[in-house]
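> how would this look folded up:
(2 chains)
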Amino acid sequence: MCNAVRERGQKLMAAKQGAFVTEITPRSEDFSRWYTDVIRRAELADYSPVKGSMVIRPYGYAIWELMQAELDRRFKATGHVNAYFPLFIPESLLRKEAAHVEGFAPQVAWVTRGGDEDLEERLVVRPTSEAIIGTMYAKWVQSWRDLPILINQWANVVRWEKVTRLFLRTTEFLWQEGHTAHETEAEAEAEALRMLGVYKEFVEQELAMPVLDGRKTDSEKFAGAVHTYSIEALMGDGRALQAGTSHHLGQNFAKVFDIKFQARDKSVQFVWQTSWGMTTRLIGGVIMVHGDDSGLILPPRIAPHQVVVVPIPRGNWRETVLPRAQAIADELRTAGTRVLVDDREEYSPGWKFAEWELRGVPLRLEIGPRDIERGQVVLVRRDTREKLPAPMDGLPERVRALLATLQEDLFERARRFRDERTQRAATRDAFRELLEGRPGFVIAPWCGAADCEARIKADTQATIRNIPLDPPSPSGPCVECGAGGQVDAWFAKSY
RNA sequence: CGGGGCGUGGCUCAGUAUGGUAGAGCACUCGGUUCGGGACCGAGGGGUCGGAGGUUCAAAUCCUCCCGCCCCGACCA
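Below you'll find the model as predicted:
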């Protein structure tokens, strides 16, 4: 109660001091609350009556659609095709791969009844689709000529999570899962790495989120994989977020699902497989990497509205200002920019400024009678709040250039933050100090033993996020046990 | 799943120690004046207090059980 009173007091103070938005908890005060406040106030998502499950609202879904389009384009460009497999998987199929079941069993939702009859065999609601897809691949592959199979699926999956958070971990979530089958181990390995590269490029280019690409340790890899690659991003509170994973499955699933083919040398072989996925969690990542105390900041490339036009009503503005605003919007649209004209009369311009900042629109375009006299508009960047008067002539080009700059600047800012929060530790004590002082990535030599990894996790909560591809030689002995270091690993507390 | 916190109009909360039948601000509706950083005046609508039991003449308030959300830990995208 005391807290509530104090908080309200602080919010009022903030308002008096000229802060623009007072309806969300400041990021520095309580990062978690800030995160959920932003999501709800920006209308990205809402809690649903189903425990652990959320509703993705139109504005949030529009972001997902833009991500989907960009990812899908990249999948097609690398020769993949989309298909759809069933939501339900017979228990017996899931059980075939021992490590796989073991990994997923605690998170699986079961269907035991259909209508008014008990099922003869229980079904699981897919937590991932290796089992059902492997079963189908066994039917489709006879010869080396049938390979590779490069299929992607856009779907929902269910994992019975104990603790859920909007976007980051919900019982049901949306994702994309690629499942490929190849003739050789080298080909599968190349595919796993290629898709990791696609993910990195996508996240950095479209989401302006710098990521570290690397390999997971054995204890962190996907259940049933030979090895797992991931890209890891650093959130605004210094915790890491796994933004995408790509697995080399070897022949583990091929052997249990019997996916065989006649090879070029006429021998019968098992296929080599990969799988890779990205989820709606990325939306949570975008919020936590770019957002500020005023709310969301969306990278232009995934912003549902890249520009919001706010006409300033004054005098007979409906005859003068509004038509100009509409004309400018049309011009921008023709040039390929996503524009919204906020012509609502029930809200003041100031209210609209705050509202669209909260919703993360990258660029605001103000146009009023004064501007029209001068043949200009006022552009305002969401990230820096800079006000930039711009002549009406050549506006589409100016806006496009500004959006591109903003996209780059967001990436640069995030990269600088990540770099500032990435430190090296050579000793056990230094490692612990760094983690407690300024949360972020800590690079430290590791001997490769699962024990050391587990011990570090147990007393610092930090895990090895991944080990960079082509790691340099270790910088010293293992931070935990002092034995010869094998690699420099990237540690962090994570979501 | 363990520890802690919280559920009262759409939102933020007051009211709960001392039971007497629900209030504020914001939001919303209508009318008018406004509008270059969350405008103002006037008139309205809306809650049975997370749910179910119980105690009592009387329960938001006391008791029991259940549910949900948030935060911190063990598991995961």
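
> hey, where'd the strands end up in the stretch 301-450 of chain A?
Using DSSP state E, counting those that start in this stretch, the strands found in the stretch 301-450 of chain A span residues A:307-311, A:339-341, A:363-367, A:376-381, A:387-391, A:422-424, A:441-446.

> the ones you listed: which one's closest to A:Pro26?
Ranking those by proximity to A:Pro26 (Cβ to Cβ) places strand A:376-381 first, at 21.1 Å. For every residue, glycine as well, the C-beta is placed using N, CA and C.

> each with direction, which strands does the closest one pair with?
Here strand A:376-381 is paired, per DSSP bridges, with strand A:363-367 (antiparallel), strand A:387-391 (antiparallel).

> can you redo these as TSV with mean pLDDT?
Below are the strands paired with strand A:376-381 laid out as TSV (pLDDT from 0 to 100):
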stretch	mean pLDDT
strand A:363-367	98
strand A:387-391	97
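
> and the ones you listed: which comes nearest RNA strand B?
Closest to RNA strand B of the strands paired with strand A:376-381 is strand A:363-367 (Cβ to the nearest atom of the strand; 3.5 Å).

> list the buried residues in the closest one.
Going by neighbour count (16 or more other Cβ atoms under 10 Å), the buried part of strand A:363-367 is A:Leu363, A:Arg364, A:Leu365, A:Glu366, A:Ile367.

> and the third one, bridged to which residues?
Okay, so that is A:Leu365. Residues in beta-bridge contact with A:Leu365 (DSSP bridges): A:Val309, A:Leu379.

> quick one on the thing from earlier: okay, the strands paired with strand A:376-381 in CSV with distance to A:Lys96 next?
As requested, the strands paired with strand A:376-381 are exported to CSV (distance: least, Cβ to Cβ, whole Å):
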stretch, distance to A:Lys96
strand A:363-367, 52
strand A:387-391, 61
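
> could I get those as CSV with distance to RNA strand B?
Shown next, in CSV, are the strands paired with strand A:376-381 (distance: least, Cβ to the nearest atom of the strand, whole Å):
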stretch, distance to RNA strand B
strand A:363-367, 3
strand A:387-391, 7
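
> got a list of what A:Gly134 touches?
A:Phe253, A:Ala254, A:Val256, A:Phe257, A:Ile259, A:Gln273 (Cβ atoms under 8 Å, 6 or more residues apart in numbering).

> rewinding a little: nearest to A:Asp30, of the strands of the stretch 301-450 of chain A?
Across the strands of the stretch 301-450 of chain A, closest to A:Asp30 is strand A:441-446 (Cβ to Cβ), at 22.9 Å.

> show me what that closest one packs onto, helices and strands only.
Packing partners of strand A:441-446 (3 or more Cβ pairs under 8 Å, 6 or more residues apart in numbering; DSSP states H and E): strand A:422-424, helix A:428-437, strand A:487-492.

> from A:Val309, how far off is A:Arg333?
11 Å (Cβ to Cβ, to the nearest Å).

> repeat that for A:Glu386.
In this view, A:Glu386 and A:Val309 are 18 Å apart by Cβ to Cβ.

> so for these two, which sits in the more crowded spot?
Comparing A:Glu386 with A:Val309 by neighbour count (other Cβ atoms under 10 Å), the higher total belongs to A:Val309, at 24 against 10.

> touching, that one and A:Leu363? I think so.
No: if you go by Cβ atoms under 8 Å, A:Val309 and A:Leu363 don't touch, sitting 9.7 Å apart.

> where does pLDDT dip in the stretch 251-400 of chain A?
For the stretch 251-400 of chain A, no stretch is flagged by pLDDT under 70.

> same thing but at 90, please
Residue ranges of the stretch 251-400 of chain A with pLDDT under 90: A:315.

> which bits of it sit near RNA strand B?
Contact residues (Cβ under 7 Å from any atom of the strand) of the stretch 251-400 of chain A with RNA strand B: A:277, A:279-281, A:294, A:312-314, A:345-355, A:357-358, A:364, A:366-371, A:377-378, A:380, A:385, A:387.
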